[in-house]
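Asks: Here is my input, please return the structure:
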Amino acid sequence: MTGHVAESTMLASGGAAAVVAAACIPVSAVDDGPVICPFRRLTGLPCPGCGLTRAFVYTMHGDLPSAFAAHAFGPFVVALAVLSAVVMVVRRVRGDGPVALRRAVKHPVVVLAVIGWAAYAFGRMVTAG
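Replies: The predicted structure is shown next:
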């Protein structure tokens, strides 16, 4: 597999695996679970990804209010993971090449999403501290 094929396949497969795992994990397992984030354990502050596991589980169990409360970007990341897996499968079935990730990450929507995520993460750190 060439580099860009492996990148897009691994990204889509990893996202799909996370979504399937989240659907299998009971909500009760994440409601009062331990803090597993090393950054948060060391600093007491939430990292940019803190809450995503809970948000994935809540989303996959249909509890969107709790998902957004856990991490505002969580349900969107779940949707992106599902969409990327579907696109990967469809492109393979059609015989199309992989999605060019290097070009996709430079798309203005992606850039704005990353800026929004960074602002959200910074805001959570400031208000938590």
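Asks: Find the centremost residue of this protein, please.
Replies: residue 77 (3.9 Å; CA atoms, centre = their mean).
Asks: In three-state terms, how would that one be classified?
Replies: Under the three-state scheme (DSSP: H, G, I helix; E, B strand; the rest coil), residue 77 adopts helix.
Asks: Give me the spatial nearest neighbour of it, chain neighbours excluded.
Replies: residue 52 (6.6 Å; CB to CB, 6 or more residues apart in numbering). Where you see a C-beta, it was placed from the backbone N, CA and C, and this is true even at glycine.
Asks: Give me the number of neighbouring residues for residue 117.
Replies: Other residues within reach of residue 117, judged by other CB atoms under 10 Å, total 17.
Asks: go on, the one 4 residues further on?
Replies: Other residues within reach of residue 121 by the criterion other CB under 10 Å amount to 19.
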